[in-house]
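A.B. asks: What follows is a predicted structure for the sequence shown.
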Protein chains: 2
Amino acid sequence: MTEASERFTRLHAALRDRICLLDYTPGTRLSEAELATEFKTSRTPVRRVLARLEDEGLVQTRHGIGTIVTDADIRTMAQTYELRMELAQLAGQLSPRPVQPADLQHLDALCRQAEALVATPDPRAFAVLNMHLHQFLTSLTSNAALCEVSDRLYYQTARIWLLAIPDLDLLSEVQIFAAEIWQIHTALSTGDLRAVALLRRAHISMSFKRLGGF
Amino acid sequence: MTEASERFTRLHAALRDRICLLDYTPGTRLSEAELATEFKTSRTPVRRVLARLEDEGLVQTRHGIGTIVTDADIRTMAQTYELRMELAQLAGQLSPRPVQPADLQHLDALCRQAEALVATPDPRAFAVLNMHLHQFLTSLTSNAALCEVSDRLYYQTARIWLLAIPDLDLLSEVQIFAAEIWQIHTALSTGDLRAVALLRRAHISMSFKRLGGF
DNA sequence: ACGCCATGAATTGCGTACAAAACACGCAGA
DNA sequence: TCTGCGTGTTTTGTACGCAATTCATGGCGT
């Protein structure tokens, strides 16, 4: 990978995470000039990243106004959520790859972090952990196309939970998450990737309901 | 829609179609300067379009070398094909929209074009018609996310058939297509979108087999 | 006091010059 | 003749200046 594309990847991931973790709340205006200054480059590479974020639906750029972080509410995202559920289930059917011991260790670590979170709940740390779980689960299928699409849809909907957390009970949510990740751990330890995928689908469905998407 | 974004959309669609219809065969080098001259603009908007095409997997840009149309063979695209099949089926389940009389007329027109193609087979005209069928079928679901994803995957695999046609029997392929589109017409006229989707999935699966993807 | 227009400030979109990188080609030397 | 290096050419990547667009603000007219 060349230096330019490395920088692009880094910048893209940085801005994407800031948006999905609400460092940039919906409506925030991102200035190309400011970002260029912060990342010690010119507007050109920044514009390239922003164009991709716009393609992914995370920002919207308008001439003469600025680049604005898009809004994300559960009602308009209902269809995306539906699709995510189906794709989560597909991950258990389309070319799953053999489960390695390292996978179980990885998930073990995530489980421990979830339990630590129950002791000291924190919205942002929860969101980060949820993101890591997603990345781990997508790594379990060897279907590259499915991974790409799932990622894309995940980042489109990732903010919704964090935006809704003031209306929810954080401790309760964390406990539910910890239980879910343990269920997934149990299924994975038997090597049953289809069960893992079905659990994931069920969890996405239930979180959608809790968020008021009906 | 602003003038700039209109130009972007037009340019993007033009290049995408040229790639998918093999006006630009895999390996072709696209010069930013040449495209800028052809479309009477500067390199800047062209680069933006090429960046998006790269994100979509249709070209690959490398510093100092050029922007090269990617290769597309059935073996490496097998996973994408698998996912396309599943999504085609999902289109019949996820928020299908009511079938309008205009829809049937539209499909009627496509059927007639398919029959005309049986009389005078032509690979390119066939590919165009296939593209139109895809666009029509994706318009039958109101799930915007599913439409976007299906489109993306369709354009990634669209070239494969056209590349393989020298090894196939064109007349036979056209006849199969004409039969398929009539089947879909029959299903649609009964308003059974689930059946339409299942037929589509079956057709994709069979074409994958004929292309040697196993 | 209210509405309207003009003007200025801020921002993105575009065009162009230059830097960085990769390859083709020729030439020198063994 | 073959190998290796250096240089020139072509291409994409970056930086920056300017054009186009939008919005806020203030002044003017009624």
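C.D. replies: Perfect, I can see it now. Just so we're clear, the structure is a prediction, and the values are computed from it rather than from any experiment.

A.B. asks: all strands for chain A, in order.
C.D. replies: Ranges of strands within chain A are A:29-30, A:59-62, A:66-69, based on DSSP state E.

A.B. asks: What helices and strands are in contact with the second one?
C.D. replies: It stands for strand A:59-62. Strand A:59-62 is packed against helix A:43-55, strand A:66-69, with contacts defined by 3 or more C-beta pairs under 8 Å, 6 or more residues apart in numbering or on different chains; DSSP states H and E. The C-beta positions use only the backbone N, C-alpha and C, and glycine is treated the same way.

A.B. asks: Make CSV out of those and add distance to A:T157.
C.D. replies: Listed next are these as CSV, based on distance: least, C-beta to C-beta, whole Å:
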stretch, distance to A:T157
helix A:43-55, 15
strand A:66-69, 15
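
A.B. asks: Compare these and give me the one nearest DNA strand D.
C.D. replies: helix A:43-55 (3.8 Å; C-beta to the nearest atom of the strand).

A.B. asks: Buried ones in that closest one, by neighbour count?
C.D. replies: For helix A:43-55, the neighbour count (16 or more other C-beta atoms under 10 Å in any protein chain shown) marks A:45-53 as buried.

A.B. asks: For the closest residue to A:A158 other than its chain neighbours, give its distance to DNA strand C.
C.D. replies: Spatial nearest neighbour of A:A158, excluding adjacent residues (C-beta to C-beta, 6 or more residues apart in numbering or on different chains): A:C20 at 4.3 Å. Distance of A:C20 to DNA strand C, given as C-beta to the nearest atom of the strand, to the nearest Å: 20 Å.

A.B. asks: Surely A:P123 is in contact with A:L171?
C.D. replies: No - contact criterion C-beta atoms under 8 Å: A:P123 and A:L171 do not qualify, at 11.2 Å.

A.B. asks: Tabulate the helices and strands packed on strand A:59-62 (JSON lines), appending mean pLDDT and distance to chain B.
C.D. replies: Below are the helices and strands packed on strand A:59-62 laid out as JSON lines (pLDDT from 0 to 100; distance: least, C-beta to the nearest C-beta, whole Å):
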{"stretch": "helix A:43-55", "mean pLDDT": "98", "distance to chain B": "6"}
{"stretch": "strand A:66-69", "mean pLDDT": "98", "distance to chain B": "14"}
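
A.B. asks: would you turn these into CSV with distance to DNA strand D?
C.D. replies: Below are those laid out as CSV (distance: least, C-beta to the nearest atom of the strand, whole Å):
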stretch, distance to DNA strand D
helix A:43-55, 4
strand A:66-69, 9
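
A.B. asks: Out of those, flag the one nearest B:A145.
C.D. replies: helix A:43-55 (13.8 Å; C-beta to C-beta).

A.B. asks: That closest one to helix B:43-55, inter-axis angle?
C.D. replies: 50 degrees (axes from the mean of the first three to the mean of the last three C-alpha atoms, to 10 degrees).

A.B. asks: A:P123 and A:L171: which is more packed in?
C.D. replies: Higher neighbour count among A:P123 and A:L171: A:P123, with 17 against 11, using other C-beta atoms under 10 Å in any protein chain shown.

A.B. asks: That one: what's it in contact with?
C.D. replies: Neighbouring residues of A:P123 by C-beta atoms under 8 Å, 6 or more residues apart in numbering or on different chains: A:162, A:165, A:170.

A.B. asks: Next one: it from A:S205, what distance?
C.D. replies: Per C-beta to C-beta, to the nearest Å, A:P123 is found 22 Å from A:S205.

A.B. asks: likewise A:Y155?
C.D. replies: 19 Å.

A.B. asks: These two: which is more packed in?
C.D. replies: A direct count of neighbours by other C-beta under 10 Å for A:Y155 and A:S205 places A:Y155 higher, at 19 against 16.
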